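Undergrad: Just to be clear, the model below is a prediction. Sequence and coordinates:
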Amino acid sequence: MTPSNTPTAPTDSAHPLSLFEFWPGWIFYTPVVIYWILLGIRYGDVTLPTAANPRVVTGGLCGESKSSILDMAGSYASRWIAPYTTFTTGPQDATQALQAIREHDLHFPIVLKPDVGCNGTGVKLVHSEQELTQTIATFPRGVTLMLQRLIPWKAEAGLFYIREADAPHGYLSSLTYKDIPTLTGNGHDTLLSLLQQDTRTAKVLHIYTPRLAKRLNDIPAKGEEIELVFTGNHCKGAIFRNGIADITPELTARIDAIMQDIPDFHFGRIDVKFRSVEALRRGEDFEIIEINGAGSEATHIWDARTTLREAYAAQFHHYAASFRIGAAKKAAGWKPTSLWRGIRLWRWQKRLLASYPLND
């Protein structure tokens, strides 16, 4: 399957799911946590990754504002970021949101998402002023939301960027294509039946059925394509494929130039939408949706063809880099986030995520 301007099919019959792809998080991440603790013992500080991007809250491990990272972008990097604005929920929030949309020359449909969040939680696609007002009301009061231009290209990728603390240039350690899964109607089966027949979706119905609850008994017309999710997040149902073979010197140089225009950013994943694989390989025709810091993953590990050994090797490689960079930044005078402040921010973010509406 090759990313293009249209969504790809939801299944790979040879590899519908990997062995560990949807294990409970506590099972999969236990070895990662142990490795993190061992690195902390080795370096004498378990919080060093929070200094890897020292101008970002916790280095981007948790509790950071998405817009605050994008706001740091210089004039060159800003050219590659999809236009966005923010507002805070409360009295007159819909009016403020509409005013912000006009001031930043944004147009419907538009993407609405929490400024603090992860894994696509609460991300909504809004088509009109009325829908915007209704959607804002589903969020808790006093939270900051982002409004971002809907990028016309459907193809999406996550690029993991690492630049050692004293290195003149960074590199890309991972490229993951994110396919929005679709099902095609046949004119007689319900959407639920189509989900149950598909070799991949049938194994993870719990991911799709809550979001599609109102449509499960609908019978899609023959040839009608139904997108199962909007957000390109694995845990929300998107399909991830390893695209490391498409990392080129041109793409690496472009991403490096962009990320060096964000002060002291060394470690994280850049999520982009792009026109075509060929253009992405040339470092052209893509827009950045968001930039994630120390809490992000090299998401190629969720390719169904990735082995458990390969997944852990990638996790260990990246966390070792975050500790190494954090240690160097600490030696240069930057202070990591304290353990207890990090825990407080993590708990605060967890409560926020639980209060957001279901994503599209």
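TA: Thanks, I have the structure now. Residues are numbered from 1 along each chain as shown.
Undergrad: so where do the strands sit in the stretch 101-250 of the chain?
TA: 110-114, 124-126, 144-149, 155-162, 171-179, 182-184, 225-227, 239-242 (DSSP state E, counting those that start in this stretch).
Undergrad: so can I have CSV of these showing mean neighbour count and distance to Leu48?
TA: Just so you know, the C-beta spots here come from the backbone N, C-alpha and C atoms, and that holds for glycine as well. Output for the strands of the stretch 101-250 of the chain, formatted as CSV (neighbours: other Cβ atoms under 10 Å; distance: least, Cβ to Cβ, whole Å):
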stretch, mean neighbour count, distance to Leu48
strand 110-114, 23, 27
strand 124-126, 21, 36
strand 144-149, 21, 28
strand 155-162, 25, 15
strand 171-179, 22, 18
strand 182-184, 18, 42
strand 225-227, 14, 41
strand 239-242, 23, 28
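Undergrad: And the most far-flung residue of the chain relative to its centre, how far from Val277?
TA: Distance from the centre of the chain peaks at His188, with 35.6 Å (Cα atoms, centre = their mean). Per Cβ to Cβ, to the nearest Å, His188 is found 36 Å from Val277.
Undergrad: Residues contacting the helix or strand of the chain with the lowest mean pLDDT, please?
TA: Scoring the helices and strands of the chain by mean pLDDT, DSSP states H and E places helix 205-208 at the bottom, with a mean of 90. Here helix 205-208 makes contact (Cβ atoms under 8 Å, 6 or more residues apart in numbering) with Leu195, Gln196, Thr201, Leu228, Val229, Cys235, Lys236, Gly237.
Undergrad: What's the per-residue pLDDT of the third one here?
TA: To tie it back to what came earlier, the one meant is Thr201. Note on Thr201: pLDDT of 91.
Undergrad: quick one: it and Leu192 touch, right?
TA: No. Contact status for Thr201 versus Leu192: not in contact, 10.2 Å apart, counting by Cβ atoms under 8 Å.
Undergrad: Those two: which is more packed in?
TA: Shown here are Thr201 and Leu192; by other Cβ atoms under 10 Å, Thr201 has more neighbours (21 against 17).
Undergrad: Distance check, the spatially closest residue to Met72 that is not a sequence neighbour against Ala167.
TA: Nearest residue to Met72, sequence neighbours excluded (Cβ to Cβ, 6 or more residues apart in numbering): Ile262, at 5.1 Å. Ile262 is 15 Å from Ala167, where distance means Cβ to Cβ.
Undergrad: neighbour-wise, which of the two wins?
TA: More crowded of Ile262 and Ala167, by other Cβ under 10 Å: Ile262, with 22 against 12.
Undergrad: low-confidence ranges in this protein?
TA: Counting by pLDDT under 70, the chain has low-confidence residues at 1-15.
Undergrad: so who does the residue farthest from the centre of the chain touch?
TA: Ile219.
Undergrad: which ones are touching Trp153?
TA: Asn5, Lys273, Phe274, Arg275, Asp285, Phe286, Glu287.
Undergrad: Give the buried subset of these as a PyMOL selection command.
TA: In PyMOL syntax, the buried subset of the contacts of Trp153 is picked out as below (16 or more other Cβ atoms under 10 Å):
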select buried, resi 273+274+275+286+287
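Undergrad: Give me the subset of the contacts of Trp153 that lies in strands.
TA: Under the assignment DSSP state E, those contribute Lys273, Phe274, Phe286, Glu287 to strands.
Undergrad: which non-adjacent residue is nearest the first one?
TA: By the measure of Cβ to Cβ, 6+ apart, the closest residue to Lys273 outside its immediate chain neighbours is Ile151, 4.2 Å from it.
Undergrad: Distance check, the one you found against Gly122.
TA: 19 Å.
Undergrad: now swap in Glu310 and tell me
TA: Glu310 is 31 Å from Gly122, by Cβ to Cβ.
Undergrad: If you count surrounding residues, which of these two has more?
TA: Gly122 (25 against 15).
Undergrad: How about the contacts made by the more buried one?
TA: By Cβ under 8 Å, 6+ apart, the neighbours of Gly122 are Lys113, Pro114, Phe139, Leu353, Tyr356, Pro357, Asn359.
Undergrad: Next, work out how far apart the fourth one and Thr209 are.
TA: Right, the one you point to is Leu353. In terms of Cβ to Cβ, Leu353 sits 20 Å off from Thr209.
Undergrad: Equivalent analysis for the fifth one, please.
TA: From Tyr356 across to Thr209, the span is 19 Å (Cβ to Cβ).
Undergrad: Counting neighbours, go ahead and name the busier of the two.
TA: Tyr356 (20 against 15).
Undergrad: How about residues contacting stretch 87-104?
TA: By Cβ under 8 Å, 6+ apart, stretch 87-104 touches 83-86, 106-107, 110, 129, 132-133, 136, 139-145, 147.
Undergrad: Now, these that are in helices?
TA: Glu129, Leu132, Thr133, Ile136 (DSSP state H).
Undergrad: Surely the second one is in contact with Leu125?
TA: Read it as Leu132. No. Using Cβ under 8 Å, Leu132 makes no contact with Leu125, being 10.8 Å away.
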